[in-house]
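Colleague: Predicted model, plus sequence, below.
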Amino acid sequence: MQFQQLQYFVAVAETRHFTRAADLVHVAQPSLSQQIKALERELGADLFLRARGNITLTDAGEALLPLARRILADADTARHEVQELAQLRSGRVRLGATPSLCTGLLPDVLRAFHDRYPGIRLLIEEGGSHDLVRELARGALDLALVVLPLPTPSPALTTVEVLREDLVVVSSPEAPPPGRGRRTVAVADLEGERLVMFRHGYDLRELTVAACRAEGFEPDFAVEGGEMDAVLGFVRAGLGVAVVPRMVATRSGRGLRVTPLARPGLHRTIALAHRSDVAPPRAARELQRMLLER
């Protein structure tokens with residue numbers, strides 16, 4: 001099995017077309033087809049069902065695809081690692097983070113990293129912890145900032161706690177304050193409040209809903225389904241209140257009333273994750289160090 005054959009196989013699997021796949025990998029279509037057939041002979045199984053104008057994966061092809069993608073991603077990471085110069089004058093870091101961390105934690109850290117290593121490209125992917133864990137596992141990310149506990153714990157990932165962050169309640173200054181204007185508000189005080197709620201799969205949504213149910217009530221949603229910027233905008237417009245990380249409220253609090261949660265409050269634990277079987281590239285390790293020492 002040759003590395004080039006896996007490249008050709010993934011290209012056909014993603015385009016569902018031999019000619020377009022050949023264009024994608026810059027090779028003549030007959031050569032690509034010959035290499036795919038050679039791979040199938042070596043594996044002893046057809047990888048594609050070839051019908052006129054319709055290319056689909058066989059069961060063997062479906063089984064090979066995630067493995068081939070991971071092999072190609074690992075090879076790409078290795079190539080970039082080797083190509084990095086000794087003083088980190090070039091290279092890249094592929095970092096995943098939840099949208100709230102992109103808003104609250106990352107800007108200052110990434111600015112400091114960029115000032116120190118201006119030749120390193122920073123590739124940021126926003127997503128929920130579940131999606132980021134999947135991207136880490138298939139080799140598409142070097143590091144990811146995720147919320148613990150992970151939705152699907154995996155021994156293939158190593159996690160290191162970065163911080164434990166308080167959550168606060170944000171509301172519009174023009175609306176009646178939550179908790180009858182007290183300096184702090186309890187989770188129980190959110191009963192009867194209209195909440196602006198994040199989309200399904202968002203860590204903050206699950207944490208907030210679970211806290212309300214633990215107090216014996218179902219939260220009342222004024223609007224739901226947004227990402228962080230949308231939720232803050234809806235709160236500013238007076239549609240309801242929201243529970244957000246303190247760092248986000250501090251950084252994006254203009255036009256918002258911020259009310260701490262009464263003890264014991266709500267918290268979330270942020271961790272930095274990477275694959276256990278592959279050391280992150282040197283540039284990623286340097287960013288990891290800066291995140292842990294922040």
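Modeller: Structure received. Source: prediction; values computed, not measured.
Colleague: where exactly do the strands run in the stretch 51-200 of the chain?
Modeller: Remark: strands assigned in the stretch 51-200 of the chain by DSSP state E, counting those that start in this stretch are 54-57, 91-97, 120-126, 143-148, 157-171, 194-198.
Colleague: Which neighbours in the sheet does the second one have, and how are they oriented?
Modeller: Each strand that strand 91-97 pairs with, and the sense of that pairing, follows from DSSP bridges: strand 120-126 (parallel), strand 143-148 (parallel).
Colleague: Pick the most buried one from these.
Modeller: strand 143-148 (a mean of 24; mean count of other C-beta atoms under 10 Å). In short, each C-beta sits where N, CA and C put it, glycine included.
Colleague: Only alpha carbons, please: show that one as CSV.
Modeller: Below are the C-alpha coordinates for strand 143-148, written out as CSV (Å, rounded to 0.1, in the frame of the first residue of the first chain):
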residue,chain,number,x,y,z
LEU,A,143,-4.6,21.0,20.0
ALA,A,144,-8.1,21.7,21.2
LEU,A,145,-9.5,23.7,24.1
VAL,A,146,-12.5,21.7,25.3
VAL,A,147,-14.9,21.7,28.2
LEU,A,148,-14.5,18.9,30.8
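Colleague: quick one: average pLDDT of it?
Modeller: The predicted model assigns strand 143-148 a mean pLDDT of 93.
Colleague: follow-up on the earlier one: now render the strands paired with strand 91-97 as CSV, adding distance to residue 50.
Modeller: CSV is the format used below for the strands paired with strand 91-97 (distance: least, C-beta to C-beta, whole Å):
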stretch, distance to residue 50
strand 120-126, 34
strand 143-148, 38
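Colleague: Residue 252: which of those is closest?
Modeller: Nearest of these to residue 252, taken as C-beta to C-beta: strand 120-126 at 15.3 Å.
Colleague: Run the chain-centre distance for that closest one.
Modeller: 11 Å (C-alpha atoms, centre = their mean, to the nearest Å).
Colleague: cool, and stretch 216-224?
Modeller: The answer for stretch 216-224 is 26 Å, by C-alpha atoms, centre = their mean.
Colleague: got CSV for the strands of the stretch 51-200 of the chain, with distance to residue 44 too?
Modeller: Converted to CSV, those look like this (distance: least, C-beta to C-beta, whole Å):
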stretch, distance to residue 44
strand 54-57, 16
strand 91-97, 35
strand 120-126, 37
strand 143-148, 37
strand 157-171, 33
strand 194-198, 48
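Colleague: closest one to residue 264 among those strands?
Modeller: Nearest of the strands of the stretch 51-200 of the chain (C-beta to C-beta): strand 157-171, 10.5 Å.
Colleague: Direction included, what does that closest one pair up with?
Modeller: When DSSP bridges is applied, strand 157-171 pairs with strand 242-245 (antiparallel), strand 257-260 (antiparallel), strand 267-275 (antiparallel).
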